[in-house]
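> I would like to see how this sequence folds:
(2 chains)
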Number of protein chains: 2
Amino acid sequence: MREVAIAGVGMMKYGRYPDKYVHELGAEAVLEACKDAGISVKDAQLLVSGNLLQARFMVGQRILQQIGQTGIPVVNVANACATGSTAVREAYLAVGAGACDIAVAVGSEQMGKMGLLGGRSDDPYGRGHTTEGHAGSNIMPTVFGQAGVEHMRKYGTTFEQFAKVAYKNHKHSVLNPLAQYQQEFPLEEIMNARMITWPNTLYMCCPTGDGAGAVVLMSADKARQHTSAPVILAASILTSDPWTERDLALADISTLTRMAAQQAYKQAGIGPEDLDLVELHDCFATAELLHYENLGLCGDGEGGRAIDEGWFTYGGKTPVNVSGGLLSRGHPLGATGACGIAEVVWHLRGQAGKRQVEGAKVGLAHVIGMGSACTINIMKR
Amino acid sequence: MREVAIAGVGMMKYGRYPDKYVHELGAEAVLEACKDAGISVKDAQLLVSGNLLQARFMVGQRILQQIGQTGIPVVNVANACATGSTAVREAYLAVGAGACDIAVAVGSEQMGKMGLLGGRSDDPYGRGHTTEGHAGSNIMPTVFGQAGVEHMRKYGTTFEQFAKVAYKNHKHSVLNPLAQYQQEFPLEEIMNARMITWPNTLYMCCPTGDGAGAVVLMSADKARQHTSAPVILAASILTSDPWTERDLALADISTLTRMAAQQAYKQAGIGPEDLDLVELHDCFATAELLHYENLGLCGDGEGGRAIDEGWFTYGGKTPVNVSGGLLSRGHPLGATGACGIAEVVWHLRGQAGKRQVEGAKVGLAHVIGMGSACTINIMKR
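Coordinates of the predicted model:
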C-alpha cells in the first residue's frame, strides 16, 4: 500500500446550530480543509462522509451539492462514535490502494439536545432494547460508570482522581477557540456537581452538540508537491466486536482499544513512549483514565497515580486531550473522529496556537464507539 | 492495486420477513457466501455492511454478533440504492490496497411495505422536501415516468415497448427461485394494469421487499488457492452527483450511468460488445430501456427497436436481467447491489440453474441510486 499523507484539515467550532442543515456544517469543514491543503474542491477525487444520526439521508451527496463538486465517488459511512474516523480510514484505503490521489473525508453531526439510545419511536431495534433503554434512562453513563466502579474496586482508584481528568480537560479547553465550552471549573465544583452515574458527575460527562470536521488525504508523493513537511498517516486501524443492546453491559470498552493500539503501534513502528500528544475518547472521565492504560500511556492500575502526578497535561509525560477532549470541546458523534485527527495535525505542524504542544512530532487520535468500533490513527511529521 | 477476485456469493430469497431482524437476513447471506467461498467466518478479516434504512443502527456489528466473528474491522455504509454495491467496492479497495486478504461485503434491507420518500416524521430534511413529497405522493415514479415520456418525445419510443421490458423481466423471473415474484404476465395485462405514473403501470414498477446478499472478496492470489477458476472483479466504479430533494426532478438518471460505464469499460479493458450478460437497475421499465443506451448495449434512441427485436433476452445480443431484475426479483434497497453481483457470478461459474446464460464469461452489474450514487462492477472468469 502506498504511503498516505494528511495535507489539510478543517473544523467548525462545536456548538448548537439549529438553523443549519448538517450538510451545511459538513461543507464548511470540507471547504476549510481544502483551503488548508491548498487545493480547490474540484481537485477532490473522492468524498467519504461520516454521519451517524442522518446516515440514510445521503449527507455526503448533499455536501457535494454545497461545495460545488460533481461526478466523483461519494461514500456515506456510519460507525457509532467512530463514524468520522472510519470515514478517514476509508479515504486512506482508497488513496493507499491507488484508486485516487486526493480524497476528502468529512464527519458531521447535528444532535440538538437529544438523549442517547433513548428508545426513539423510529428505532427498528426497539424490540431488542434493554430494560434501561425502555425506561428511558441513558445506557452510556451506566456502562462507563460501571467501568469506573470496577477500576476503583480493582486498583483503589478514587472519585477525586476521576474528577481530576475532567478538571484537566476543562482547563485545556480554555485555550481552544473551537471548543463548545471554554470554561475551567475548580475540582471541588466538578466533584459537587449533579451526579449522573457514579462516579461521573455532570462535568465528567461529555455534552451533546453539533459540529463537523474534515481531512484531506493525499498520496505522500502528491502531498510533497504541496508542502515540504507533510503529516504522514503512519497507521489507521479499525477494530469491531459483535454488538447487540442485550450484551451492552457486558461489552468491554478496553478490549477493542487494546487490540487496536497493538495493531497501530506495530503498523507505525513506534511505541506509546514515542507519542508527543494523544487525543483519546473521553466520553466520560472514567473512560479517559481507563484508556491511559489501554493505550499503554501508563501501566495497568497506574492511571490514578499518573493523573495525580500530572503526566497527561502540558509539561507531563504525554499531554492528553489538549483540545479539551469530548468533555469540553464536545462530542457531535460523527464529527469527533475527524476532529481528533485535525487537532493532532495542527500540533504536529506547530499551528495549534496557545494550546500548542511544543515540538510535537508524533501524535495519536483514538475513538471508541459503543456499537462497536474503535479507531486509532497515528500521525508523524 | 492488487487484482481482486470474488470467491463466494450468497443471497436470501427476497420476500417479506416481518418476524426477522434485518441483521438476521444479512447474517444468513454472509454464512452462505462464506460456505460458497469454502471459508469459515473466522477467516473473514473485514466486514463491510450496506444497509440504507437502518444505517445508524450498526447493522454490520449486529451481523458480526450473529455469525460469531470478533475483533475485525466492521464498516457500515449507506449510498441510496447503490448501498450494497458500495459495500462491495469498499471491500474491494481494502483488499486491493493490501489491508486484508479476505473481506466480506453484505447488503441487507427490511422495507416492509413502506412508501419511498414519503416525508416520514423522523426525516431531518423534511423542511427541504418538494411539494410532491409533502403531498405524500411518491417522487421516484414521477422522476422515472418523466424520463420515459422524454424518451418517447425524443425518439418515438412507445408505451408498448416500455411494457415489453417488464414482460421480459417477469418472464425471466419464473426461472429464478430466489425472486420475490416468479410470475409471467401477458403483455396486455401489463399494459392494462393500474397506471402508476405514465408510462409505467403497476407491473412496470419494482415492488418493496426484504432481503440480503453477500460477496466474499479475496486477493486474486488467495482466491486461486481456493479455486482453479476464480471470478475476477475487473472493474468497480462509483460515481456520484450533488443531491438535494429540490433538484430531484432535474437529476439526469443517465449522466451518472454513462460516466460510470465509460470508467468501468476502461478499467476492465473491454467494451459493451464483450458482455455476455448484464444486471441493470430496472427500478422502473422506463429506466431499463434508457440504460440499454446509457451502457452502450445499443445506440442512442435504439432502445425501443432493440427490445422489439429481442436483443436483451436469451438468444439475443446481451441478455439483461435474467434474474427477473428489480421489477420481479425485487428491490430491497441495500441488498440490490450485492445481489446483482451475485447473479452475474453464478452465470460466470455456470451455476445459474435453469436461467443460466450459456458460456457466459464476462458480465456487468449496474445500480443507480437517486441520492445519488451509481456503481458498475464488471466481472470476468
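
> ok, residue A:289 - contacts?
Going by C-beta atoms under 8 Å, 6 or more residues apart in numbering or on different chains, residue A:289 touches A:148, A:151, A:157, A:161-162, A:165, A:303-304, A:307. To be clear about C-beta, it is placed using only N, CA and C from the backbone, and glycine gets the same treatment.

> please flag which of the residues you listed sit within helices.
Taking DSSP state H, the ones among the contacts of residue A:289 that sit in helices are A:148, A:151, A:161-162, A:165, A:303-304, A:307.

> excluding chain neighbours, what is closest to residue A:45?
Nearest non-adjacent residue to residue A:45, counting by C-beta to C-beta, 6 or more residues apart in numbering or on different chains: residue A:100, 3.8 Å away.

> surely the one you found meets residue A:48?
No. Residue A:100 is beyond contact range of residue A:48, at 10.7 Å (criterion: C-beta atoms under 8 Å).

> more neighbours: these two, which one.
Remark: of residue A:100 and residue A:48, residue A:48 carries more neighbours, 29 against 19, as counted by other C-beta atoms under 10 Å in any protein chain shown.

> adjacent strands (with direction) for the helix or strand the more buried one falls within?
Secondary structure assignment for residue A:48, by DSSP states H and E: strand A:47-50. Partner strands for strand A:47-50, per DSSP bridges, with pairing direction: strand A:74-78 (parallel), strand A:102-110 (parallel).

> wait, doesn't residue A:365 sit right on residue A:347?
No. Assessed by C-beta under 8 Å, residue A:365 is found out of contact with residue A:347, at 10.7 Å.

> residue A:339 and residue B:241, how far apart?
28 Å (C-beta to C-beta, to the nearest Å).

> if we can go back for a sec, how is the residue nearest to residue A:45 assigned, secondary-structure-wise?
coil (DSSP: H, G, I helix; E, B strand; the rest coil).

> which ones are touching it?
Contacts of residue A:100 (C-beta under 8 Å, 6+ apart): A:45-46, A:94.

> so which of those wins on neighbours?
residue A:94 leads the contacts of residue A:100 on contacts (other C-beta under 10 Å) with 28 neighbours.

> show the model's pLDDT score for it.
Looking at residue A:94, its pLDDT is 98.

> wait, it touches residue A:46, no?
Yes. Counting by C-beta under 8 Å, residue A:94 does reach residue A:46; the two are 5.4 Å apart.

> list the residues that contact both of these two?
With C-beta under 8 Å, 6+ apart as the test, residue A:94 and residue A:46 both reach A:100, A:103.

> mind checking the end-to-end distance for stretch A:70-87?
19 Å (C-alpha to C-alpha, to the nearest Å).

> and the residue nearest to residue A:45, how far from residue B:366?
From residue A:100 to residue B:366 the distance is 21 Å (C-beta to C-beta).

> do residue A:290 as well
Residue A:290 is 48 Å from residue B:366, by C-beta to C-beta.

> count of neighbours near the residue lying closest to residue A:313 once chain neighbours are set aside?
Closest residue to residue A:313 apart from its sequence neighbours, by C-beta to C-beta, 6+ apart: residue A:168 at 5.3 Å. Residue A:168 sits with 28 neighbouring residues when counted by other C-beta under 10 Å.

> what's the first helix or strand after the helix or strand harbouring residue A:168?
Residue A:168 belongs to helix A:159-173 when assigned by DSSP H and E. Next helix or strand after helix A:159-173 toward the C-terminus (DSSP H and E): helix A:187-192.

> and that next one, what does it pack onto?
helix A:159-173, strand A:200-201 (3 or more C-beta pairs under 8 Å, 6 or more residues apart in numbering or on different chains; DSSP states H and E).

> only C-alpha atoms, please: export the longest one in CSV.
In this case it means helix A:159-173. The C-alpha trace of helix A:159-173 is given here as CSV (Å, rounded to 0.1, in the frame of the first residue of the first chain):
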residue,chain,number,x,y,z
PHE,A,159,-13.5,9.6,42.8
GLU,A,160,-11.2,12.5,43.1
GLN,A,161,-8.7,11.0,40.6
PHE,A,162,-11.5,10.5,38.0
ALA,A,163,-12.7,14.1,38.7
LYS,A,164,-9.1,15.3,38.0
VAL,A,165,-9.4,14.0,34.5
ALA,A,166,-12.4,16.3,33.9
TYR,A,167,-10.6,19.2,35.7
LYS,A,168,-7.6,18.8,33.3
ASN,A,169,-9.7,18.7,30.1
HIS,A,170,-12.0,21.6,31.0
LYS,A,171,-8.8,23.6,31.9
HIS,A,172,-7.3,22.7,28.5
SER,A,173,-10.4,23.8,26.6
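
> ok now it, how far from the chain's centre?
Averaging C-alpha coordinates over helix A:159-173 and over its chain gives two centres that are 18 Å apart (C-alpha atoms, centre = their mean, to the nearest Å).

> over to the last one?
For strand A:200-201, the gap between its own C-alpha mean and the chain's C-alpha mean amounts to 20 Å (C-alpha atoms, centre = their mean).

> ditto for stretch A:298-306
The answer for stretch A:298-306 is 22 Å, by C-alpha atoms, centre = their mean.

> how about it: buried residues?
A:298, A:302-304, A:306 (16 or more other C-beta atoms under 10 Å in any protein chain shown).

> end to end, how far does that stretch reach?
7 Å.

> sweet, I'm off.
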